[in-house]
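**Q** let me see the structure of the following:
(one chain, ligands or ions: 1)
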Amino acid sequence: MTRLLVSVQGPDEALLAVECGAQLIDVKDPRHGSLGATSPAVWQAVMAAVGEYMPVSAALGELLDREVLGRAQATAGLTFAKVGLAGCGALNDWQARWYAWQQSLATGVQAVAVIYADWNSCGAPAPDEVLDLAAQADIAAVLIDTFDKTRGSVLQLRSTAELAALASEVQQAQLMLVVAGSLQLGDVSALLPLRPAYLAVRGAVCDGPRSGQLSAAKIRQWSRALSTPQDHCQALR
Ligand SMILES: O=C[C@H](O)COP(=O)(O)O
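**A** Now for the predicted structure:
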């Protein structure tokens, strides 16, 4: 069963997303990039609004951001936290930096490893390197996302076969797979066979750019797209 993750900027959007069918709320500031961080006060406000109903995740920016360890220390109450690896590919100590970030997370917060589908252009480590880390670290999930939101969806950057191979490695390691990256509704049918635990969206459920307002109608459309075909498949079994 693939569920719907919606990225929100604050508590009002979180409540709207939950009402419209989101099953995991992810807090981020989309004005500051793919995994732009909000302040810890916003995480707390979102948890107060919807934490009773579902897990809350937060984007903590990029590992090379100066404030990344301070943000990690302020994550109490979150279920998941993630940090991007843009610019880390050329560093020989990025894994040590990532472990230091993970160690800084509040007790009980599960780290998510991030593969950028456009790793070559944003200087992130290649997927194999991230998967090696994921296999060794105590983590919950792997997120495949795009760093540059102007270059199209993850399916325009990577073939379905490449994504399927990555999905299979993640699942063999018994980790949860989350797929994002400027997804459009038309991408759903190609991605469901990969059996991701979640499809994650922001831009596709906004009116206008991904930093704009969430659209209730679009979230409901995504919710239906993820529930209908899968329920149908289950009924056929
Ligand atoms: O975690 C998911 C991302 O927020 C996806 O954002 P996007 O749909 O605008 O690429």
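**Q** return the set of buried residues in stretch 35-53.
**A** Buried residues in stretch 35-53, counted by 16 or more other CB atoms under 10 Å: 35-38, 40, 42-47, 49-51. Just so you know, the C-beta spots here come from the backbone N, C-alpha and C atoms, and that holds for glycine as well.
**Q** that stretch: how far from the chain's middle?
**A** 15 Å (CA atoms, centre = their mean, to the nearest Å).
**Q** and it, does that touch the ligand?
**A** No. Contact of stretch 35-53 with the ligand (CB under 6 Å from any ligand atom) is absent, the minimum separation being 7.5 Å.
**Q** got the end-to-end distance for that stretch?
**A** 23 Å (CA to CA, to the nearest Å).
**Q** next one: stretch 140-151
**A** Stretch 140-151: ends 28 Å apart by CA to CA.
**Q** show me which residues of it are buried.
**A** In stretch 140-151, counting by 16+ other CB under 10 Å, buried: 140-149, 151.
**Q** quick revisit: out of the buried residues of stretch 35-53, flag the one nearest to the ligand.
**A** Set against the ligand, the nearest of the buried residues of stretch 35-53 by CB to the nearest ligand atom is residue 35 (7.5 Å).
**Q** residue contacts, the nearest residue to that closest one once chain neighbours are set aside?
**A** Once flanking residues are discounted, residue 35 sits nearest to residue 59: 3.9 Å by CB to CB, 6 or more residues apart in numbering. Contact analysis of residue 59 by CB atoms under 8 Å, 6 or more residues apart in numbering lists 7, 26-29, 34-37, 82-84.
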